[in-house]
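Novice: Provide a 3D model corresponding to the input given below.
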Amino acid sequence: MVNFYSIHLLYHYGDKFVSGPMRRLQERILGPRWTGALGSSSEIWLLGVCYKLLADESSSDSTASQGYAEFLHDFSSRIWLTYRKGFEPIGESKYVTDVGWGCMLRSGQMLVAQALLFHHLGRSWRRPTEQPFNQEYIEILRCFGDSPSEVSPFSIHNVLEAGKPYGLAAGNWLGPYAMCRSWEELARAEKERYMLGKTKLALPMAVYIVSGDEYGEQGGVPVICIDDAARLCSEWSNGQGEAQVPLLILVPLVLGVGIINPRYVPSIRETFTFPQSLGIAGGKPGASTYIVGVQDDQALYLDPHEVQQVVEISPDNMGVDTGSYHCSVVRQLPLSAIDSSLAIGFYCRNRDDFDDLCSRASVLASQSEGAPLFTVAQSLIESKQNDTFTSEGGNSVVTVPEVLLLESESESMTAVPSSEDDWQIL
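Specialist: Now for the predicted structure:
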């Protein structure tokens, strides 16, 4: 029987000092480590970049080994945000840690952090091995520091504050929809402070939440509306032209009941081949992760469920130890076992990049055999006129109100596990 003390140790120490029965318990809860053995592994897609690990007749073992090393370097360069302890209490609460309830918040932070990395440093950036670090890299990390201060605008404190209209509160779990709307509100407030000259613009991009219709949460297949995206970018640029405005796109989805409907798995896998891919905030039921890649039928992810001490990041200390913001442990989860509630992210650097995303998404929808993740239309009116996808009972995509997401997730947290595979540790 597993006791709570053992689980506390598991999360407190993560992969440190864990062996034997505790290692097996860890892998049942957090997911097994990815092995990726050379010679038996096929290509990996990691946020739009392909790594070929299989040595065929035209390649050598050294070529495959190089691909393996390059993949790990790329993976470990992604910003890893986890449970932290020892931060200033959140609001009027007494919470000085987010252990047990903050995994979706951390998953969302990781997704946005990658967007900032891509924007400021490019997709080809890799974490340097020598100090001092790049100032933009340090500035990005500071944005996600665990402090209510404006110098860390994307801290867990500030995300929760922005998400109050959607029911966010310290100690409560939240669903992907509420997480996405909280980032939309946070971006709006950040832009307002910038326009008033109070802060430097920490999120230099418009945010577009893709939903099913003009009311947002009434259901149906989410639609990337080209007109809406152009309007958001124009407003963000104050009418100075939308063609060069970067765009962060978040698509909250419910793709079944409990775990994902298998009809959507091929499309989910394909999104990781898009050069605009920011991955997925989602994971096991009741235990959110940040999925950054796929290999065959496996999702590869960064796990936020490791407790680490708060680290103070300052631009005055370019040699600060940033090791706790990166992870070289790749975990895997069958794509078929992903929680049906998730959020997909994309980053478009400009209008040409957005048009390329729309083209790829349109092809993906046409190949989805009646089960598209989302569609593309010039306008929502056009989408309704040209909609050829019909709901097929439990196989339809449903975008539900955030209150329902919160209720359903709360129920999943309190339900008694029906088998040993039903662990729902947050």
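Novice: What's the local residue count around residue 245?
Specialist: When counting by other C-beta atoms under 10 Å, one arrives at 23 neighbours for residue 245. For the C-beta atoms, the positions are set from N, CA and C on the backbone; glycine is no exception.
Novice: Would you state the predicted confidence (pLDDT) at it?
Specialist: Residue 245 carries a pLDDT score of 95 in this model.
Novice: That one belongs to a strand?
Specialist: No. Looking at residue 245 with DSSP: H, G, I helix; E, B strand; the rest coil, it is coil, so not inside a strand.
Novice: Isn't it up against residue 237?
Specialist: Yes. At 5.1 Å, residue 245 counts as touching residue 237 under the criterion of C-beta atoms under 8 Å.
Novice: Any chance you could list what contacts the host helix or strand of residue 233?
Specialist: Assigned by DSSP states H and E, residue 233 belongs to helix 226-236. For helix 226-236, the surrounding residues in contact (C-beta atoms under 8 Å, 6 or more residues apart in numbering) are 191, 205-208, 241-242, 245, 247, 249, 351, 354, 358, 376-380.
Novice: Could you do stretch 321-330 as well?
Specialist: With C-beta under 8 Å, 6+ apart, stretch 321-330 has contacts from 15, 33-34, 36, 72, 75-82, 127, 133, 137-138, 141, 300, 302-303, 308-309, 311, 313.
Novice: need the contact list for residue 190.
Specialist: Listed by C-beta under 8 Å, 6+ apart, the contact set of residue 190 reads 153, 199, 201, 202, 203.
Novice: That one in helix, strand or coil?
Specialist: Classified using three-state DSSP, residue 190 is helix.
Novice: now it: how far from residue 88?
Specialist: Per C-beta to C-beta, to the nearest Å, residue 190 is found 20 Å from residue 88.
Novice: repeat for residue 116
Specialist: 23 Å.
Novice: go on, residue 358?
Specialist: For residue 358 relative to residue 88 (C-beta to C-beta), the value is 42 Å.
Novice: between these two, who's got more neighbours?
Specialist: residue 358 (17 against 14).
Novice: Give me the spatial nearest neighbour of the more buried one, chain neighbours excluded.
Specialist: residue 376 (4.7 Å; C-beta to C-beta, 6 or more residues apart in numbering).
Novice: need the contact list for the one you found.
Specialist: Residue 376 makes contact with 223, 224, 226, 358, 361, 362, 365 under the criterion C-beta under 8 Å, 6+ apart.
Novice: The stretch 301-426 of the chain: helices as residue ranges?
Specialist: Using DSSP state H, counting those that start in this stretch, the helices of the stretch 301-426 of the chain run over 351-366, 380-385, 402-414.
Novice: Output the first one in PDB with nothing but the alpha carbons.
Specialist: Looking back up the chat, that one is helix 351-366. Provided in PDB are the C-alpha atoms of helix 351-366 (Å, rounded to 0.1, in the frame of the first residue of the first chain):
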ATOM      1  CA  ARG A 351       1.400  37.000 -41.100                       C
ATOM      2  CA  ASP A 352       3.300  34.800 -43.500                       C
ATOM      3  CA  ASP A 353       3.900  32.300 -40.700                       C
ATOM      4  CA  PHE A 354       0.200  32.500 -39.700                       C
ATOM      5  CA  ASP A 355      -0.800  31.800 -43.300                       C
ATOM      6  CA  ASP A 356       1.500  28.800 -43.400                       C
ATOM      7  CA  LEU A 357      -0.100  27.500 -40.200                       C
ATOM      8  CA  CYS A 358      -3.600  27.900 -41.700                       C
ATOM      9  CA  SER A 359      -2.600  26.000 -44.800                       C
ATOM     10  CA  ARG A 360      -1.200  23.100 -42.800                       C
ATOM     11  CA  ALA A 361      -4.200  23.100 -40.500                       C
ATOM     12  CA  SER A 362      -6.600  23.100 -43.400                       C
ATOM     13  CA  VAL A 363      -4.800  20.000 -44.900                       C
ATOM     14  CA  LEU A 364      -4.900  18.300 -41.500                       C
ATOM     15  CA  ALA A 365      -8.600  18.900 -41.100                       C
ATOM     16  CA  SER A 366      -9.300  17.600 -44.600                       C
END
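Novice: circling back: with residue 289 as the reference, measure out to the residue nearest to residue 358.
Specialist: Taking C-beta to C-beta, one finds residue 376 at 28 Å from residue 289.
Novice: where are the low-confidence patches of the stretch 201-350 of the chain?
Specialist: 212-219 (pLDDT under 70).
Novice: Identify each buried residue in the helix holding residue 233, please.
Specialist: For helix 226-236, a neighbour-count test (16 or more other C-beta atoms under 10 Å) marks 226, 228, 229, 230, 232, 233, 234, 236 as buried.
Novice: Perfect, that will be all.
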